[in-house]
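Undergrad: here is my input; please provide its structure:
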Amino acid sequence: MASREIYRLLVPRKVFLARGKPKKKYKNGNFIHGEARKTGEYNTWAKMKNRCLNPNAPDYPRYGGRGITVCSRWLRGEGKIEGYQCFLKDVGRRPSSEHQLERKNNSKGYSPENCKWATRTEQGGNKRNNFLITYGGETLWLNEWARRVGL
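TA: So this is what the prediction gives:
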């Protein structure tokens, strides 16, 4: 992907005037979609794009560098709906400030089918280095067993 294309996906959309000078699409701290730049949902969306698309991002090797992508609907939008609005429509608002965006399958990218809001505790089981253990007919993630026995 060309660096200009990456820039356009990472930086909030701008309207390019005839002379090529960009005009920001927000007023009074809000983007045209009406969302404040600093909301938890907006920051989650922006950081998700950054770690998947920006080779200079610290987390890029663990995300974009290993093929984790962001669906085009969340990047470019759909029709007259911008990418962030699509993201918010698909995953909704965070239930609390303790919730983060989780990919259900860590081998797949960010998309409506693969993402949900989850707490750090819930996310603890969904890691590449974790595995399920069955004991006494009950199956839990390793970290859950450790918590249960007091480790």
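
Undergrad: farthest from the middle of this protein: give me that residue.
TA: The C-alpha centroid of the chain is most remote from Gly136, which lies 37.0 Å away (Cα atoms, centre = their mean).

Undergrad: give the contact list for that residue.
TA: Gly136 makes no contacts at all, as judged by Cβ atoms under 8 Å, 6 or more residues apart in numbering. C-beta here means a position set from N, CA and C on the backbone, and glycine is covered the same way.

Undergrad: against Gln85, how distant is it?
TA: 47 Å (Cβ to Cβ, to the nearest Å).

Undergrad: quick check: phi and psi at the residue nearest to Gly40 when sequence neighbours are not counted.
TA: The shortest distance from Gly40 to any non-neighbouring residue, by Cβ to Cβ, 6 or more residues apart in numbering, is to Arg94 (5.4 Å). Phi and psi for Arg94, reported as degrees, to the nearest 10, are phi -60, psi 130.

Undergrad: residues near Arg94, how many?
TA: 15 (other Cβ atoms under 10 Å).

Undergrad: all strands for this structure, in order.
TA: Secondary structure of the chain (DSSP state E): strands located at 14-16, 22-24, 26-27, 30-31, 99-103, 115-119, 132-135, 138-141.

Undergrad: now the most centrally placed residue in the chain: how far from Asn143?
TA: In the chain, the residue lying closest to the centroid (Cα atoms, centre = their mean) is Met48, at 3.5 Å. For Met48, the distance to Asn143 (Cβ to Cβ) stands at 24 Å.

Undergrad: what of Glu78?
TA: According to Cβ to Cβ, Glu78 and Asn143 sit 37 Å apart.

Undergrad: for those two, indicate the residue with more neighbours.
TA: Comparing Glu78 with Asn143 by other Cβ under 10 Å, the one with more neighbours is Asn143, at 16 against 13.
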